[in-house]
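S.K.: Output the structure for:
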Amino acid sequence: MRWRRRLDPRVAHALSDARGERLLAWGELADGSVAVCTDLAFHFPEKHRVPWDLVVRGAWNDDFLDLVVQPGPGGPAEQLRLRFDDPGQVPSVVRERVQWTVVASHPVEIVHPDGRIGSAMLNARRSPATSEVRWAVVFDRAVDATDPAWRAVADVALADLRERLGV
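M.R.: This next block holds a predicted model:
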């Protein structure tokens, strides 16, 4: 006979739209709501769901989990700070899941056609849902990601890296 623990109703509510996802960990936030880690995504209040390949990075600090996430592939990165009363296994699962998605991560210096120098991170991330590899450029804050010239220079660097890695 298998014993089944009853799932906290807050966790069940957070997972109401997570069909087919497997619960890995959850933690209680300072406001009494929960953050939930599944095999495919990180779920947090207000029905936010971020697939692991769109979590650029996460860092645990005291009672806070600081995340940098992309709302969609190629979108601008957003910073989030979640304050926990009881994080449970959330920090370690976030670290493991984000690391699992990383296929390659390479910093590059890029030069704008007008001579300005900037930097970017070239990333290859594996989708936890499909295992498909998605390439992205994350520009340094000093670089205007909307400038087509910066984008063109970064795309050349990305194509070079993909060729060298054979991915």
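
S.K.: Kindly provide the distance from the residue nearest to the spatial centre of the chain to residue 119.
M.R.: Central residue of the chain (Cα atoms, centre = their mean): residue 55, 0.5 Å from the mean position. Going from residue 55 to residue 119 by Cβ to Cβ, to the nearest Å gives 21 Å. Placement of C-beta: from N, CA and C, glycine included.

S.K.: How about residue 94?
M.R.: Taking Cβ to Cβ, one finds residue 94 at 25 Å from residue 119.

S.K.: OK, contacts around the closest residue to residue 53 other than its chain neighbours?
M.R.: Spatially, and ignoring its direct neighbours in sequence, residue 53 is nearest to residue 125 (4.1 Å; Cβ to Cβ, 6 or more residues apart in numbering). Residues in contact with residue 125 (Cβ atoms under 8 Å, 6 or more residues apart in numbering) are 53-54, 101-103, 133-134, 136.

S.K.: change it to 10 Å
M.R.: Each residue near residue 125 by Cβ atoms under 10 Å, 6 or more residues apart in numbering is listed here: 51-56, 70, 73, 98, 100-105, 132-136.

S.K.: Figure out how far the worst-scoring helix or strand of the chain on mean pLDDT is from the centre of its chain.
M.R.: Lowest mean confidence among the helices and strands of the chain (mean pLDDT, DSSP states H and E): helix 9-14, at a mean of 80. Distance, stretch centre to chain centre, for helix 9-14: 22 Å (Cα atoms, centre = their mean, to the nearest Å).

S.K.: again, but for stretch 57-65
M.R.: Its chain's average C-alpha position is 14 Å from that of stretch 57-65, according to Cα atoms, centre = their mean.

S.K.: and what of stretch 107-119?
M.R.: Worked out by Cα atoms, centre = their mean, stretch 107-119 lies 25 Å from the chain centre.

S.K.: Just the endpoints, please. Distance across it?
M.R.: Length of stretch 107-119, first residue to last, Cα to Cα, to the nearest Å: 7 Å.
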